[in-house]
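Q: Predicted model follows, preceded by the sequence.
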Amino acid sequence: SAVISQKPSRDICQRGTSLTIQCQVDSQVTMMFWYRQQPGQSLTLIATANQGSEATYESGFVIDKFPISRPNLTFSTLTVSNMSPEDSSIYLCSVEPPEGVTQYFGPGTRLTVL
Amino acid sequence: EDQVTQSPEALRLQEGESSSLNCSYTVSGLRGLFWYRQDPGKGPEFLFTLYSAGEEKEKERLKATLTKKESFLHITAPKPEDSATYLCAVHPLYNQGGKLIFGQGTELSVKP
């Protein structure tokens, strides 16, 4: 398994502002992902964070709204841009270690937009 | 279309009352099926990975089983600390990109 940390753990933001969420893993991994979990809902994949190249976004998510960086094999950031109350969610990063198909999740960032 | 459906949506048990949670899936080839536990406001905690029909895995009071169409999470003699939302997810065989398809979850409440 992998140990994953996220910063911040929670934040309350004003609409129109942006927030950058950090994800750090304790070992090198190729596959790193960002998910969103809206209140009372299950998890939805936002994008795959690719090291050394642009992230791969799922349908309904765009780079201008959710820019992602992946400077190395242990770290990634997700920015939620020009926020609105509809962006209030838990944002989760996950990793898939090279030895298997299981994904492990970080503790999440709880975002509230006023 | 790949799909995961969990039932029931919510389950209330008395301490010691065993039961099962269901995860039905439709996918064109299965790379893996996963069970996670999620406490309120926290990230999913990994429980089990199942790869093929007939496989079973156990951990303390939990046992996961897999058929070609569904998976069950059996909870034996549950305790209040087992209260959480249990999520099922599948990784389709064709998807090398790592996208998991999640069910809506079963919210389990165990009363003392």
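A: Done, it's in.

Q: Now do the phi/psi pair for residue A:87.
A: phi -80, psi 0 (degrees, to the nearest 10).

Q: Hmm, residue A:113 and it touching each other?
A: Yes - contact criterion Cβ atoms under 8 Å: residue A:87 and residue A:113 qualify, at 5.1 Å. All C-beta spots, glycine's among them, are computed from the backbone N, C-alpha and C.

Q: Quick check: residues of chain B near chain A?
A: When proximity is defined by Cβ under 8 Å from any Cβ of the partner chain, chain B lies next to chain A at B:31-32, B:34, B:36, B:41-46, B:49, B:87, B:89, B:91, B:97-100, B:102-105.

Q: Of those, grab the buried ones for PyMOL.
A: To isolate the buried ones among these in PyMOL, judged by 16 or more other Cβ atoms under 10 Å in any protein chain shown, type:
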select buried, chain B and resi 31+32+34+36+42+43+44+46+49+87+89+91+98+99+100+102+103+104+105
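
Q: Which residues of chain A lie near chain B?
A: A:1, A:4, A:6, A:31, A:33, A:41-45, A:48, A:56, A:58, A:90, A:92, A:96, A:100-108, A:110.

Q: which of the residues you listed count as buried?
A: The neighbour count (16+ other Cβ under 10 Å) marks A:4, A:6, A:31, A:33, A:42-43, A:45, A:48, A:58, A:90, A:92, A:96, A:102-108, A:110 as buried among the residues of chain A next to chain B.

Q: residue farthest from the centroid of chain A?
A: residue A:99 (22.0 Å; Cα atoms, centre = their mean).

Q: And it, which helix or strand is it part of?
A: For residue A:99, there is no host helix or strand (DSSP states H and E).

Q: Against residue A:68, how distant is it?
A: In this structure, residue A:99 lies at 24 Å from residue A:68, with Cβ to Cβ, to the nearest Å as the measure.

Q: do the same with residue B:107
A: With Cβ to Cβ as the criterion, residue B:107 and residue A:68 are 31 Å apart.

Q: Give me the more crowded residue out of these two.
A: residue A:68 (25 against 17; other Cβ atoms under 10 Å in any protein chain shown).

Q: For the nearest residue to that one once chain neighbours are set aside, grab phi and psi.
A: The shortest distance from residue A:68 to any non-neighbouring residue, by Cβ to Cβ, 6 or more residues apart in numbering or on different chains, is to residue A:55 (4.0 Å). Backbone torsions for residue A:55, taken as degrees, to the nearest 10, come to phi -70, psi 160.

Q: Pull the contacting residues for residue A:55.
A: Going by Cβ atoms under 8 Å, 6 or more residues apart in numbering or on different chains, residue A:55 touches A:47-49, A:63, A:68, A:70.
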